[in-house]
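[1] Using only what follows, build the 3D model:
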Amino acid sequence: MEINGVQTEGAVSYAVLGLSPEIMRALDKKGYQTATPVQGGAIPYFMEWKDLIAKAPTGSGKTFAFGIPMVEHADPDAAFVQALVLAPTRELALQIESEIRGLCEFKQGVRVACLYGGAPMDKQVNALKKKPQIVVATPGRLMDHMKRRNIELNRVQTVVLDEADRMLDMGFIEDVTKILDRMPGRRNLGMFSATLSIEVMDISWVYQRDPVEITVQAIDEDRPDIQQYRIALDWRDKSDLTARLIEAGGYARAIAFCNTKAMTDRLTGLLKTHGIDAACIHGDIRQRVREATLSRFRKGRLRVLVATDVAARGLDIDDVDAVINYDVPEENEYYIHRIGRTGRARRHGVSYTLVTSIAESVRMDDIERSTRNKAARLKYENGVLLEVE
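    Numbers count the residues shown, from 1 in each chain. From the prediction side, this is the model:
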């Protein structure tokens, strides 16, 4: 890990970070004793109200890196918003809220609210009436609440842009800048991201002051332990092989990624015909149904989650056994985000990418080169998996 270009050790015990007994108790309940590199690097600076840019791979523990200082700084007696987290998707916003609520468990009086599109405004208005100190939101829905005067941000002290690159790529840059302009008393701004795009650096130059730059490379000790395979096969065998991989591997919890909404629906149905409990999430499914599906998956009550790339970021689920790329990803970075759902929390994971054409094989070659990931090659013929020399 690097801090301002200097190589340093980031993985330290939480006990040496000077955290409150309430936070230590919450961490102990989760069974966590050692901070990940991004946490060990970011927490001390965020506790000192420093601006921060943190580049770290998916699954490296970024939520606790900013969530712990936020909860530590929160004044339980305050009746106004003190900290704001902006996230690009509802799924990520809900996951961040859940993690921060867990950190607040033993700090009485600290309230958290989550604002996101696709859900009734009334319920969120009621949550805001309870005067939360910490708010997690997607930019569009937060703007809606601001226009309706449901929320005041003029006393916010800490702001975090999580998955900043993704948020700005999705076209939220105008909303983000308008939101930042509404917080004149802000003391620090943290930007956490897997990549540092030009748009992220533009925000930094305008809104940050001498930010501490933390970089955790994927080759660091927190790199996910993932055995990667690419399997050449006839397209007509894809659903049969997917079912066989799940059953033969004995996977209790797996995610299958497709490139289109229609294919997620189709694959879900095909897996069910093989007797495999599966459900899908994508943009056309009602938010309430999506949340219920994700809840079942997190609780271990759903064996296979079939998803488009809307679920590739922000699903902080530590014990996904396997990821299956039913379709080869259309973007190189999607591959990293997809397979990063497994091999988390220092567990072993496995990923399979199904390759059915020359074009897909060329695409996978490019993914391997650009992401510096090498997948073992297999082929599926006549119902048998064979190694390719």
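[2] can we go C-alpha only for contacts and neighbour counts from here?
    Noted.
[3] number of nearby residues for residue 17?
    14 (other Cα atoms under 10 Å).
[4] Also residue 382?
    For residue 382, using other Cα under 10 Å, the count is 8.
[5] Low-confidence bits of this protein, can you list those?
    For the chain, the stretches flagged by pLDDT under 70 are 1, 4-11, 58-59, 218-224, 310-318, 344-347, 389.
[6] So it: which segments form each domain?
    Following the assignment in automatic domain parsing, the chain carries domains at 2-215, 225-387.
[7] Look up the closest residue to residue 288, ignoring the ones flanking it.
    Nearest non-adjacent residue to residue 288, counting by Cα to Cα, 6 or more residues apart in numbering: residue 119, 7.6 Å away.
[8] ugh, wrong one, residue 367
    Nearest residue to residue 367, sequence neighbours excluded (Cα to Cα, 6+ apart): residue 332, at 5.2 Å.
[9] Residue 65 too?
    residue 39 (4.2 Å).
[10] Pull up the gap between that neighbour and residue 338, please.
    22 Å (Cα to Cα, to the nearest Å).
[11] swap in residue 126?
    35 Å.
[12] for residue 325, same thing?
    Counting by Cα to Cα, the gap from residue 325 to residue 338 is 8 Å.
[13] got any residues that touch both of these two?
    Both residue 325 and residue 338 are in contact with residue 257, where contact means Cα atoms under 8 Å, 6 or more residues apart in numbering.
[14] Need the distance between the two termini of stretch 139-155.
    So stretch 139-155: terminal residues 18 Å apart, Cα to Cα.
[15] May I see the buried residues of that stretch?
    Under the neighbour-count criterion of 16 or more other Cα atoms under 10 Å, stretch 139-155 has 139, 140, 141, 142, 143, 144, 145, 151, 153, 154, 155 buried.
[16] now swap in stretch 166-185 and tell me
    Buried positions in stretch 166-185, judged by neighbour count with 16+ other Cα under 10 Å: 166, 167, 168, 172, 173, 175, 176, 179, 180, 183.
[17] do stretch 333-349 as well
    Buried residues in stretch 333-349 (16+ other Cα under 10 Å): 334-346, 348-349.
[18] My reading is that the residue nearest to residue 65 lies in a helix. Confirm?
    Yes - under DSSP: H, G, I helix; E, B strand; the rest coil, residue 39 sits within a helix.
[19] pretty sure it contacts residue 67?
    No - at 9.8 Å, residue 39 and residue 67 do not qualify as touching, with contact defined as Cα atoms under 8 Å.
[20] burial count for residue 31?
    Look at residue 31: counted by other Cα under 10 Å, it has 9 neighbours.
[21] That one and residue 307: what is the separation?
    Distance from residue 31 to residue 307, by Cα to Cα: 30 Å.
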